[in-house]
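Asker: have a look; sequence and predicted model below, questions after that.
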Amino acid sequence: MAKKKKNLSWLLEDEDNTNEVAQFDANWNELKAWDTVTAIKDLKVKWANDIKRGDKFKNIRLTDEPWIIESGKMVLKTEFFKKN
């Protein structure tokens, strides 16, 4: 029994049209992957130590959502952070 060859050409079509979402911090500075951000406000976290104003988060990762970034295992809202 011969196997059907899968058509994966749709993967290559959208390669030129990358839909990257620009992400901005609280001061409207554009964030890039692997930037360092600083908290501008004290934040309460239920399952971990609270975030204090001035805490730094290094090597952030950008997400598909324009208002969310990731640092380690934490998901952060960009409105509470500024770029260093």
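Answerer: Arrived safely, thanks for sending.
Asker: read off the pLDDT value for Thr18.
Answerer: Reading off the confidence values, Thr18 has pLDDT 55.
Asker: ok, the closest residue to Phe81 other than its chain neighbours - contacts?
Answerer: Computed as CB to CB, 6 or more residues apart in numbering, the closest residue to Phe81 that is not its neighbour in sequence is Val37, at 4.0 Å. The way it works is simple: take the backbone N, C-alpha and C, and place the C-beta from them, glycine included. Applying CB atoms under 8 Å, 6 or more residues apart in numbering, one finds that Val37 lies in contact with 25, 31, 56-57, 60, 69, 71, 76, 81-84.
Asker: helices along this structure, start to end?
Answerer: All helices of the chain, identified by DSSP state H, fall at 9-13.
Asker: so Lys52 makes contact with Ile40?
Answerer: No - with contacts counted by CB atoms under 8 Å, Lys52 stays clear of Ile40, the gap being 10.9 Å.
Asker: who's more crowded, those two?
Answerer: More crowded of Lys52 and Ile40, by other CB atoms under 10 Å: Ile40, with 15 against 10.
Asker: can you tell me the centre-most residue of the chain?
Answerer: Central residue of the chain (CA atoms, centre = their mean): Leu62, 2.1 Å from the mean position.
Asker: got a pLDDT number for the nearest residue to Ser71 once chain neighbours are set aside?
Answerer: By the measure of CB to CB, 6+ apart, the closest residue to Ser71 outside its immediate chain neighbours is Phe57, 3.9 Å from it. Per-residue confidence (pLDDT) for Phe57: 97.
Asker: what's the answer for Leu12, then?
Answerer: In this model, Leu12 is scored at 68, pLDDT.
Asker: again, but for Ala48
Answerer: Reading off the per-residue confidence, Ala48 sits at a pLDDT of 87.
Asker: look up how far Val75 lies from it.
Answerer: Here Ala48 is placed at a distance of 12 Å from Val75 (CB to CB, to the nearest Å).
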